[in-house]
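Participant: this is the structure alone, sequence omitted:
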């Protein structure tokens, strides 16, 4: 093999290595080369005021006679509700988005709204694992919420109260039937299942084609509950 051939092979190997380094589909787009983490890489900027509820930290927006507690999914955080919380607050509601989506954290947010904000009614709204935590709490304290809005809950429960309930899911996601079953089996005369086109799960619906439809359905439900 001649020296010229060896040199050409070295150049080709260097080019292949460069192409391989630039084609990592798992790398984040922030230039760090680290894999994207849906929890830590989620937008954290917010206009909400951070407060400590004891059982959890939370973000708050707005004030009014209606209170809304937001419980995020496992890949999200309290600030992930920023757009929806702002829209809800603009309708005249006090909104609390919890960081710790345990039943204790959600219960603490309800206490804050009633004891500190003086709200007349409390609506619990959550997505995926946050929706499941709300169901766990509401099934053991059926008189606690004045309404439920749940995005893509993952399992059914018994023992809910008779408050109005809106269950939302995308028709192509695997848990869509949970929302329809809950709407059909839960106590009360004002239970609805909203099944939207697509396959987006819970809060991911806000990033898809059905974002506006879901947002308006939520705001309309809250207006109806507020009377």
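Facilitator: Now that the structure is in, tell me what you want to look at. Fair warning: this is a prediction, and the values are worked out from it, not measured in the lab. Numbering: from 1, shown residues only.

Participant: not counting its neighbours along the chain, what's nearest residue 193?
Facilitator: Once flanking residues are discounted, residue 193 sits nearest to residue 183: 3.7 Å by Cβ to Cβ, 6 or more residues apart in numbering. All C-beta atoms are positioned from the backbone trio N, CA, C, and that covers glycine.

Participant: in a helix, the one you found, correct?
Facilitator: Yes - Residue 183: assigned to a helix according to DSSP: H, G, I helix; E, B strand; the rest coil.

Participant: how much space between it and residue 139?
Facilitator: Distance of residue 183 to residue 139, given as Cβ to Cβ, to the nearest Å: 15 Å.

Participant: just residue 61 next, same as before
Facilitator: 28 Å.

Participant: which one of the two is surrounded by more residues?
Facilitator: Shown here are residue 61 and residue 139; by other Cβ atoms under 10 Å, residue 61 has more neighbours (24 against 16).

Participant: look up phi and psi at the more buried one.
Facilitator: phi -140, psi 150 (degrees, to the nearest 10).

Participant: tell me how far residue 45 lies from residue 145.
Facilitator: 29 Å.

Participant: which one's more surrounded, those two?
Facilitator: Shown here are residue 45 and residue 145; by other Cβ under 10 Å, residue 145 has more neighbours (24 against 6).

Participant: surely the more buried one is within a helix?
Facilitator: No - using three-state DSSP, the secondary structure at residue 145 is coil, not a helix.

Participant: please name the nearest non-neighbouring residue to it.
Facilitator: Residue 145 sits nearest to residue 124 (Cβ to Cβ, 6+ apart), 4.6 Å away.

Participant: so how far is residue 154 from the one you found?
Facilitator: For residue 124, the distance to residue 154 - Cβ to Cβ - is 16 Å.

Participant: got it, and residue 67?
Facilitator: 25 Å.

Participant: more neighbours, the two?
Facilitator: Between residue 67 and residue 154, counting by other Cβ under 10 Å, residue 67 is the more crowded of the two (25 against 14).
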